[in-house]
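1. Could you look at this predicted model? Sequence included:
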Amino acid sequence: MSKLSEEQREALLVSYWHQKFKEAMVAKAPYTKRWNTYMSAYNGDYFNNQGAPEYKSNLVSNYIFSIIETIRPIMLDNDPKFQSMPIQPEGRAFAEDLNEAFSYEWDREGMNPKLWRELLNCLIIGNYIFFVPWDAQEKQIRAIPVNPFNFFPDPLATNMDDGSYYIYADYFHMNELKKKFPSKASRIVGANINHSELVSDKNKDTNTDSHVLVLEIYARDFDTYEEDENGNARLKYPNGRKLTIAPELGLLLSDEHLPYKDKKFPFVHGKDYDIPGKFWGEGEVQQLLSPQVHMNELNNAVLDNAKATANMPWIVDKNAGIPKGGITNRPGLIIRKNPNSEVRREQPPGMPNYVINAIESYKGDMEQISGIFNTLKGDSETGVYTAQGILALQEAGQARIRLKVKLMEDTLGRLGQMWFSRMQQYWTEDRWIRITLADGSYDFKRLMRETFENDFTIRILAGSTMPVNRGAMLDFMIRLAQTVMPDGQALVDREAVAEYLPAEVKAALIRRTEGNNLQIEQQLEQIAQVVQQQGEQFGQAMQQLQQQDEQTLQAIEEITGALEHLNNQILQIKGESDKLIKEREQEARDSEISMNAYNTGYRDAESRLGIGEGAQAQGAMLAENDPLADGLEEKYGTDLPFPDDLLEGIEALSDDELALLLQSNPELADVIR
């Protein structure tokens, strides 16, 4: 079997995806039909009875329009506040910069008017879709609204993540395609528009011959393989595949890898009511359409009855003498008739009360179904007229809307996460972003590339898009600012109060505050200079005092050293004195013992020899000539030795120190004396 040529392979590929497009269109057909009805109901065209006779009333009181336009401003009264939460601790320092970058990107891309328009699709048909590509020419991230009528998911898909393919279909002018795909220009020719639901204006002539149906296909391709450098088979499109085809021409315009590293299809799908297990959501009109139709029928019946009863027919006898056309509805009309003839008008029947009650019942049903009551519009029917009471009723009436807002903020969070993925991939250099200051002015800030080296989870602060009653909140903040806590501080600061002031008042207040702050800063700077000068003087005085303290400390240390030296000398003297006293006491005892022994022996000898007083005198003479006594006098002299330096140290002692020394050493008293 011969190999297929490149053109034949392209033709087979185009035929395959054309068939997939038809399958997806058939699966989506019930939704498309209902959506057209819902759009007509919002516009009021659905209730116009074009085939009714002229005398029939065709009043349309479109409560569906009123309900949707009441919900829409509540859902997006404020810009969403982005919250960038770092996954790693290192990214904490860049979180605030990333929040400012998202606010800048939101304004740059004009997301407010885009989202405002897409909320109509959300509330009417229950779905809205954003396409988030990278614009290589402008080098910007884009958020392009996608018409749900032109978007065809895999029939098996239940959300944007589990489908195997998604197709965006639209008609383009053939010259636009030739410019975009010059290599295929020779084969691009115009054709008729066969799918009117894919064009924005359904009522225009669709038999144009200059437009071409183009399908952009985003798919997971698990069947196409290629060989790597080692000859092993691998998936050719691991991140996904993007194809652009003109199915009615059998033309493959482009076939390329899905370029995004996050491996996600570049679409974000939002819903009004999320139905489990179904890809498409539902809107408000689905449940409001039936009571709206019947309420319009009853309103028209009441109007027809009013027209009929306001001009009841006249009954006039032929012989009354009143010519044809002589009776009109002119007020104060005077009718002249012949005697014995009758001219009267029929009494109109009254409108049954159940008709009026049914109309009011249908109105109440629509309020219950939508959750939009009169209190939400500021109309109190319960006798509550205070500002706080009305605010409480309005908050209670927003219970159903809060769920819609949570779903919308979840969608915007997923949009922000995909936006951050594009930043990580394509913002390879530092970028300048514009930031809005508190007074409404602008400034520029450099966003560092290293910000995107960290991973973040992007969310929308809950309820940040909901409206705030600024008057009531301002009154509440003023009362909080007047509430003093036990520490003497107010419960909130003046910045919290200024947050709810009108923009022009807030800007003027901030300017005055900044002027006052500048004066305070100048005064503080002057005070700082004075303090610095005084500090320098104080430092010099402290330095001088420190020098004096050092000198005093040195003198104290010298005195302390001298006292320690003197104390050591005193202790040494005391030791020598104690030793000397002990030696003399020992010598005295020895001498006494010797003398006693001598006297005893002498008396014994005297008694034995009969020697008398003369012998005693001789003994006394011997005692005076005792060599031991002579030795003591020769060794110590008549007085104890006492060094001169010790005497000087003792003389230098104060009275208290001398008393303490004598108390611990009483024996020194005699020595000193």
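-> The structure has been received and is ready for your questions.

2. Can you tell me the SS state at the nearest residue to Arg241 once chain neighbours are set aside?
-> Computed as C-beta to C-beta, 6 or more residues apart in numbering, the closest residue to Arg241 that is not its neighbour in sequence is Asp221, at 4.4 Å. For glycine as for every other residue, the C-beta is placed from the backbone atoms N, C-alpha and C. Here Asp221 is coil, with the state taken from DSSP: H, G, I helix; E, B strand; the rest coil.

3. wait, isn't Asp221 in contact with Pro238?
-> No: the pair Asp221 and Pro238 fails to qualify as a contact (C-beta atoms under 8 Å) at a distance of 9.0 Å.

4. Comparing those two, which residue is more hemmed in?
-> More crowded of Asp221 and Pro238, by other C-beta atoms under 10 Å: Asp221, with 18 against 13.

5. what's the distance between the lengthiest helix in the chain and the middle of its chain?
-> The residue-count maximum for a helix in the chain (DSSP state H) belongs to helix 503-609. Chain-centre distance of helix 503-609: 63 Å, with C-alpha atoms, centre = their mean, to the nearest Å.

6. Point out the other helices and strands that that helix packs with.
-> helix 494-498, helix 613-624, helix 627-636, helix 644-652, helix 668-672 (3 or more C-beta pairs under 8 Å, 6 or more residues apart in numbering; DSSP states H and E).

7. With just CA atoms, put the first one into PDB.
-> This means helix 494-498. Below are the C-alpha coordinates for helix 494-498, written out as PDB (Å, rounded to 0.1, in the frame of the first residue of the first chain):
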ATOM      1  CA  ARG A 494      -8.100  57.500  60.700                       C
ATOM      2  CA  GLU A 495      -7.000  55.500  57.600                       C
ATOM      3  CA  ALA A 496      -9.900  53.100  58.200                       C
ATOM      4  CA  VAL A 497     -12.300  56.000  58.300                       C
ATOM      5  CA  ALA A 498     -10.800  57.700  55.200                       C
END
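
8. Would you mark the buried spots in it?
-> Within helix 494-498, the residues scored as buried using 16 or more other C-beta atoms under 10 Å are 497-498.

9. Check the secondary structure at the residue positioned nearest the centre of the chain for me.
-> What sits nearest the mean C-alpha location of the chain, by C-alpha atoms, centre = their mean, is Gln83, with 3.8 Å. Following three-state DSSP, Gln83 is assigned to strand.

10. That one: what's its closest spatial neighbour, skipping adjacent residues?
-> Nearest one to Gln83, counting by C-beta to C-beta, 6+ apart, is Arg459 at 4.8 Å.

11. Can you report how many residues neighbour that neighbour?
-> For Arg459, the neighbour count with other C-beta under 10 Å is 19.

12. quick one: contacts for the residue nearest to the centre of the chain?
-> By C-beta atoms under 8 Å, 6 or more residues apart in numbering, the residues touching Gln83 are 99, 458-461.

13. Please repeat the previous calculation with a cut-off of 10 Å.
-> 95, 98-99, 102, 413, 416, 456-462, 464 (C-beta atoms under 10 Å, 6 or more residues apart in numbering).

14. Of those, just the buried ones, PyMOL syntax please.
-> Buried residues among those (16+ other C-beta under 10 Å), as a PyMOL selection:
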select buried, resi 98+99+102+413+416+456+458+459+460+464
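
15. Out of the contacts of Gln83, list just those in strands.
-> Using DSSP state E, the subset of the contacts of Gln83 located in strands is 456-460.

16. From these, which one has the minimum pLDDT?
-> When the ones in strands among the contacts of Gln83 are compared by pLDDT, Ile460 scores lowest at 89.

17. Surely that residue and Lys81 touch.
-> Yes: in terms of C-beta atoms under 10 Å, Ile460 counts as a neighbour of Lys81; the distance is 6.8 Å.

18. which residues do these two both contact?
-> Counting by C-beta under 10 Å, 6+ apart, the residues touching both Ile460 and Lys81 are 102, 409.

19. Does Met75 touch Leu120 like I think?
-> No: if you go by C-beta under 10 Å, Met75 and Leu120 don't touch, sitting 11.2 Å apart.

20. Okay, now the unreliable bits of the stretch 451-600 of the chain?
-> Along the stretch 451-600 of the chain, the parts satisfying pLDDT under 70 run over 463-464, 466-474, 500-519, 563, 594, 598-599.

21. Kindly recompute the last result at 90.
-> Counting by pLDDT under 90, the stretch 451-600 of the chain shows low-confidence ranges at 453, 460-600.

22. Over to the stretch 301-450 of the chain?
-> 301-406, 431, 433-445, 447, 449.

23. on that earlier part again, closest to Gln424 among the contacts of Gln83?
-> Gln424 has its nearest neighbour among the contacts of Gln83 in Phe456, at 9.2 Å by C-beta to C-beta.

24. Skipping its backbone neighbours, what lies nearest the closest one in space?
-> Once flanking residues are discounted, Phe456 sits nearest to Ser84: 4.6 Å by C-beta to C-beta, 6+ apart.

25. what about Gly270, is that helix, strand or coil?
-> Under three-state DSSP, Gly270 comes out as strand.

26. what's the burial count for it?
-> Other residues close to Gly270 by other C-beta under 10 Å number 24.

27. just Leu289 next, same as before
-> Neighbours of Leu289 (other C-beta under 10 Å): 17.

28. Excluding chain neighbours, give the residue nearest to it in space.
-> Spatial nearest neighbour of Leu289, excluding adjacent residues (C-beta to C-beta, 6+ apart): Ala41 at 5.5 Å.

29. could you say which helix or strand contains the one you found?
-> Following DSSP states H and E, one finds Ala41 within helix 6-43.

30. what packs against that helix?
-> helix 63-75, helix 111-124, strand 151-153, strand 165-173, strand 211-219, strand 241-246, strand 251-257, helix 285-309 (3 or more C-beta pairs under 10 Å, 6 or more residues apart in numbering; DSSP states H and E).

31. between the ones you listed, which gets nearest to Glu585?
-> helix 111-124 (115.0 Å).

32. quick check: angle from that closest one to helix 285-309?
-> 70 degrees (axes from the mean of the first three to the mean of the last three C-alpha atoms, to 10 degrees).

33. for helix 111-124, what is the average pLDDT?
-> pLDDT averaged over helix 111-124 gives 93.

34. Pull the distance from it to the chain's centre.
-> That offset, for helix 111-124, works out to 24 Å (C-alpha atoms, centre = their mean).

35. How many neighbouring residues does the residue nearest to Leu289 have?
-> Neighbours of Ala41 (other C-beta under 10 Å): 23.

36. pLDDT weak spots in the stretch 51-200 of the chain?
-> 51-63, 66, 70-81, 190-200.

37. circling back to that earlier point, contacts only, for the residue nearest to Arg241.
-> For Asp221, counting by C-beta under 10 Å, 6+ apart, the contacting residues are 164-165, 235-241, 243, 257-258.

38. quick one: which of those residues is nearest Glu342?
-> For the contacts of Asp221, the nearest to Glu342 is Tyr165 (81.8 Å; C-beta to C-beta).

39. pretty sure the closest one is touching Tyr237, no?
-> No: counting by C-beta under 10 Å, Tyr165 does not reach Tyr237; the two are 12.0 Å apart.

40. Can you work out which residues contact both of the two?
-> Residues touching both Tyr165 and Tyr237 (C-beta under 10 Å, 6+ apart): 219-221.

41. Done for today, thanks.
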